[in-house]
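In: Please work out how this folds:
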Amino acid sequence: MDLMGESETHGDRRRETKEKKRKKKKRNEKSKQHADHNPSSTDHFPSSTDKLMELLKMKEPIFLFAIVIFFSLFRSLGVNIIDAVSSPEVSEFLGNKKNILNRIIVTGGWAWTLAFVSINAFVMVILSRQGRWRQLVDAFVRLFVATAVWWILTSLFEYIEFLTGSCSDESVGEVIACKRGGLQWIGFDISGHTFLLMFCVLVVRMEQLNHFHSLSLGCQLWQVFLVSIMSYLSFVLLVVYTFMLVVTSSYFHVFWHKAFGAMFAWLGWLFVYLLANRLRYLTANIAYIRDL
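Out: Got it, this is the predicted structure:
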C-alpha cells in the first residue's frame with residue numbers, strides 16, 4: 001500500500017510539473033507574440049536618437065550643400081560657371097527670373113512634389129502585401145508635416161526680409177506698396193528657391209526610400225513595370241530639381257542668402273522626419289494598448 005501511495009504521489013508531481021511547464025511555455029509564447037507587435041520594440045520603430053543618426057549619415061544633404069556652396073562662391077568671385085561652359089543665349093535664358101523653368105518648376109515646386117509623392121505612395125501601397133493602409137496614412141502624415149514646415153519657413157523668410165529691410169525709396173515704408181510701385185525692398189532675403197529646391201529633393205528622396213523599404217514584390221511583370229516607372233519619374237524629378245538648384249546658385253541672390261536657405265531646408269527636413277517618426281511611434285502605441 002505504501003508503495004502504491006508513493007507511486008501515485010510521484011505521478012501527481014510529474015503531472016503538476018508538466019502542467020507548470022505547459023503554462024510557462026504558453027506565457028512565453030504570448031509574451032513573444034506581444035513583443036513582436038509591440039511598437040516600443042526597436043525592430044519596429046527606431047528611437048529619436050537612432051533616427052537622427054540615420055538622417056545625419058545620409059549623403060544627399062552633403063551633396064546638395066556642396067552644390068550651393070560651390071556655385072555660390074564662384075558667383076561671389078565674379079565667375080559664373082554656367083556662362084563659361086554655355087552659349088550666350090542659354091545664359092540669358094537661365095539668368096532670367098521669368099523663364100519658363102522658373103515659372104513652372106520652381107514656383108510650383110512644392111505642388112509637383114506633393115503630386116509625385118502622393119502617387120508614389122498609392123502605387124507602393126498597391127504593391128505592398130502588409131500594412132497597406134497604415135503605410136498610406138504614415139506617408140500622408142509626413143506630407144502634412146512637410147507642408148506645414150514649408151509654409152511656416154517661407155512665411156518666416158518674408159518676415160525676416162521685412163524686419164531687416166527698407167524700400168529703395170525711403171518715403172515708402174510698406175513692402176506691398178514698395179513692390180507695387182515698381183521699387184525694390186532691400187533686406188536679408190533668404191533664398192526661398194534654394195530652400196524649396198533642396199527641401200523638395202530631400203523629401204522626394206526620403207519618401208522613395210521609405211516606400212521601397214516597405215515594398216514586398218512578387219514576381220509578376222506588372223509590379224516590376226510599375227516600380228520601374230516610378231523609379232524613372234523620381235529620377236527625372238530629382239535631376240530637374242538639382243539642375244534648378246545649380247541655376248539658382250549660379251545666378252540669383254548673394255552667398256549668405258543661399259547658404260541660409262540651404263541650412264533651413266536641411267533643418268526643416270530633419271524636423272519633418274524626426275517628428276513623423278515620433279508620431280508614428282505614438283499612434284502605434286495607442287493602437288497596441290487598445291488591442292491588449
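In: what about K258, neighbour count?
Out: Neighbour count of K258, defined by other C-beta atoms under 10 Å: 26. All C-beta atoms are positioned from the backbone trio N, CA, C, and that covers glycine.
In: What residues sit buried inside the one helix or strand R134 maps to?
Out: Element membership for R134 (DSSP states H and E) is helix 132-164. Residues 134-136, 138-139, 142-143, 145-146, 149-150, 153-154, 157, 161 are the ones in helix 132-164 that count as buried (16 or more other C-beta atoms under 10 Å).
In: next helix or strand past the helix or strand of the chain with the lowest mean pLDDT?
Out: One helix or strand of the chain scores below all others by mean pLDDT, DSSP states H and E: helix 2-37, with a mean of 54. Per DSSP H and E, helix 2-37 leads on to helix 48-56 as the next helix or strand towards the C-terminus.
In: Can I get that following helix in CSV? Just the C-alpha atoms.
Out: The C-alpha trace of helix 48-56 is given here as CSV (Å, rounded to 0.1, in the frame of the first residue of the first chain):
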residue,chain,number,x,y,z
SER,A,48,14.6,59.6,-32.0
THR,A,49,18.3,59.4,-31.4
ASP,A,50,18.7,56.4,-33.8
LYS,A,51,16.5,58.2,-36.4
LEU,A,52,18.6,61.4,-36.1
MET,A,53,21.8,59.4,-36.6
GLU,A,54,20.3,57.7,-39.6
LEU,A,55,19.4,61.0,-41.2
LEU,A,56,22.7,62.6,-40.4
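In: tell me the contacts of the spatially most central residue of the chain?
Out: Closest residue to the average C-alpha location of the chain: V203 at 3.4 Å, with C-alpha atoms, centre = their mean. Residues in contact with V203 (C-beta atoms under 8 Å, 6 or more residues apart in numbering) are 113, 117, 146, 269, 272.
In: Export the residues you listed as JSON lines, with columns for pLDDT, secondary structure and distance to F199.
Out: JSON lines is the format used below for these (pLDDT from 0 to 100; DSSP: H, G, I helix; E, B strand; the rest coil; distance: C-beta to C-beta, whole Å):
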{"residue": "T113", "pLDDT": "88", "secondary structure": "helix", "distance to F199": "8"}
{"residue": "V117", "pLDDT": "84", "secondary structure": "helix", "distance to F199": "12"}
{"residue": "A146", "pLDDT": "91", "secondary structure": "helix", "distance to F199": "8"}
{"residue": "W269", "pLDDT": "91", "secondary structure": "helix", "distance to F199": "6"}
{"residue": "V272", "pLDDT": "88", "secondary structure": "helix", "distance to F199": "9"}
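In: Out of the residues you listed, flag the one nearest to E207.
Out: V117 (4.8 Å; C-beta to C-beta).
In: where does that closest one sit relative to F140, distance-wise?
Out: To F140, V117 is 9 Å away according to C-beta to C-beta, to the nearest Å.
In: and if you look at E170?
Out: E170 is 48 Å from F140, by C-beta to C-beta.
In: Quick check: L202 touching F65?
Out: No: in this structure, L202 is not within contact of F65 by C-beta atoms under 8 Å, at 11.0 Å.
In: which neighbours do the two share?
Out: Residues touching both L202 and F65 by C-beta under 8 Å, 6+ apart: W266.
In: Name the residue in these two with the higher neighbour count.
Out: Per other C-beta under 10 Å, whichever of L202 and F65 has more neighbours is L202, with 24 against 16.
In: follow-up on the earlier one: so which of the contacts of V203 is the most crowded?
Out: When neighbours are counted by other C-beta under 10 Å, A146 leads the contacts of V203 with 27 neighbours.
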